[in-house]
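Engineer: Got a predicted model here, sequence first, then my questions.
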Amino acid sequence: MGNRRFYIQLVVILGLFIVAPFVLTKYYRQFLTEILIWGLLAMSLDLILGYTGIVSFGHAALFGLGAYGAAMAIVKMKAGLWLAIACGMTTSVLFAISVGFLSIYVRGVYFTIITLVSAEIVHTIMLATPFFGGENGLNFQVPPINLGFVTFSLLNPTNFYYLVLFFFILSYLLCRRVTQSPVGKVFQAIKDNEERARAVGYDVRKYKIAAFVISGLFSGLSGALYTLLNRYANPDFLSFIISGEAVIWTLIGGMGTLYGPVLGTGIVMIIGDSLSSWIENYLIIIGLMFIVSVIFLPKGIVGTIKDRFFLRGRLNKDWKDGAA
């Protein structure tokens, strides 16, 4: 019954996203495309933060390397769209593997520091190396979608929107499958009690690396899509600010839900876009909103709603059973 309800909801939501380009203006169609891309980054972070309990401030590196991997493939190898995206994802995965093994013997705040420092190292390298374009980054022409029998230009914003929507839905389904699999259950066990998970025989370090690498895969995909959308890669894509924003989106939306961070991304971006037109220092308001959210909605928007509805439903059922 639960799976049936999920797929019904998925079809309805997918239908809304499919018709969105026909009712939105060009600006808001572009804006929705960006929300999906950034939401994918937040969802990838949720795999380790919400499900495994690993705090990472290095996801800007995973995102930025995905962008640079795709851009370098196009600029240096004259790669097509699919190969460029694959190169972006592979670059992020390789970085995630290296950071994962580097930090295998540490936990907690030390792991967080390693991810932060690693991201800043990569950021500095991209800024200082002419091969990667230095401060100016890399500019390129985005290749078309080649399906063999037909070709679509990604200069058309609607075509690009549907490309992003395809990867977003596919990524969500894959992430959901991971979290519901036996491996995902171990991730959650590590988050709940790492020592107990280790005591019952799980190789906690191996599972942590696996979680970080899977997260890196989808972070790289979001970075590759973002650089294709903008048709350039820039060192700013590796900025610490991106890591911080991803954490904020995840916490506001609700950790451990996958779709909560996407909702948080959309809410923060919409509020920021609305405020920026008439308040210069609108980030102060977003910062205050984050503080209020952490204090009064510690489980995020989705987590709080789920708790209240499920708790109310459980209490009503217990009351009826008791009355009977």
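Structural biologist: Everything's here; your move.
Engineer: From the chain's centroid, how far away is stretch 229-248?
Structural biologist: Mean-position distance between stretch 229-248 and its chain equals 12 Å (C-alpha atoms, centre = their mean, to the nearest Å).
Engineer: Gly256 contacts Val302, correct?
Structural biologist: No: using C-beta atoms under 8 Å as the test, Gly256 is too far from Val302 to be in contact (9.1 Å). All C-beta atoms are positioned from the backbone trio N, CA, C, and that covers glycine.
Engineer: So Ala119 belongs to a helix, correct?
Structural biologist: Yes: with DSSP: H, G, I helix; E, B strand; the rest coil as the criterion, Ala119 is located in a helix.
Engineer: Model confidence at it, what's the number?
Structural biologist: Ala119 carries a pLDDT value of 88.
Engineer: residues touching it, list them.
Structural biologist: Applying C-beta atoms under 8 Å, 6 or more residues apart in numbering to Ala119 gives the contacts 57-61, 238, 240, 243.
Engineer: Try it again at 6 Å.
Structural biologist: By C-beta atoms under 6 Å, 6 or more residues apart in numbering, the contact set of Ala119 is 58, 60-61.
Engineer: Repeat that for Thr158.
Structural biologist: For Thr158, the contacting residues are Pro21, by C-beta under 6 Å, 6+ apart.
Engineer: That one is in what secondary structure piece?
Structural biologist: Thr158 is part of helix 157-180, with elements assigned from DSSP states H and E.
Engineer: Render the CA-only coordinates of that helix in CSV, please.
Structural biologist: Provided in CSV are the C-alpha atoms of helix 157-180 (Å, rounded to 0.1, in the frame of the first residue of the first chain):
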residue,chain,number,x,y,z
PRO,A,157,15.9,26.3,-22.1
THR,A,158,13.0,24.0,-22.3
ASN,A,159,15.1,21.1,-23.6
PHE,A,160,17.7,21.7,-20.9
TYR,A,161,14.9,21.8,-18.2
TYR,A,162,13.7,18.4,-19.2
LEU,A,163,17.2,17.0,-19.2
VAL,A,164,17.7,18.2,-15.7
LEU,A,165,14.3,16.9,-14.7
PHE,A,166,15.2,13.5,-16.1
PHE,A,167,18.4,13.3,-14.1
PHE,A,168,16.7,14.7,-11.0
ILE,A,169,13.9,12.1,-10.9
LEU,A,170,16.4,9.3,-11.8
SER,A,171,18.7,10.4,-9.0
TYR,A,172,15.9,10.6,-6.5
LEU,A,173,14.7,7.1,-7.3
LEU,A,174,18.3,5.7,-7.0
CYS,A,175,18.9,7.5,-3.7
ARG,A,176,15.7,6.2,-2.3
ARG,A,177,16.6,2.7,-3.4
VAL,A,178,19.9,3.1,-1.6
THR,A,179,18.4,4.3,1.6
GLN,A,180,15.8,1.5,1.6
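Engineer: The one residue sitting closest to the centre of the chain and Leu229, how far apart?
Structural biologist: With distances taken as C-alpha atoms, centre = their mean, the chain has Leu41 as the residue nearest its mean C-alpha position (1.8 Å). The gap separating Leu41 from Leu229 is 13 Å, by C-beta to C-beta, to the nearest Å.
Engineer: which residue packs closest to the residue nearest to the centre of the chain, ignoring adjacent ones?
Structural biologist: Excluding the flanking residues, the one nearest Leu41 by C-beta to C-beta, 6 or more residues apart in numbering is Ser222, at 4.2 Å.
Engineer: If you tally nearby residues, what's the number for the one you found?
Structural biologist: 31 (other C-beta atoms under 10 Å).
Engineer: Then Asn146?
Structural biologist: Around Asn146 there are 12 residues (other C-beta under 10 Å).
Engineer: ok, now the one 5 residues further on?
Structural biologist: Using other C-beta under 10 Å as the criterion, Thr151 is surrounded by 11 other residues.
Engineer: Could you do Ile8 as well?
Structural biologist: 10.
Engineer: SS state for it?
Structural biologist: Classified using three-state DSSP, Ile8 is helix.
Engineer: likewise Gly201?
Structural biologist: Gly201 is classified as coil under three-state DSSP.
Engineer: Do a quick rundown of the helices in the stretch 51-200 of the chain.
Structural biologist: 59-77, 81-102, 109-128, 157-180, 182-192, 194-199 (DSSP state H, counting those that start in this stretch).
Engineer: Most tightly packed of the ones you listed?
Structural biologist: Stretch with highest mean neighbour count among the helices of the stretch 51-200 of the chain: helix 59-77 (a mean of 27; mean count of other C-beta atoms under 10 Å).
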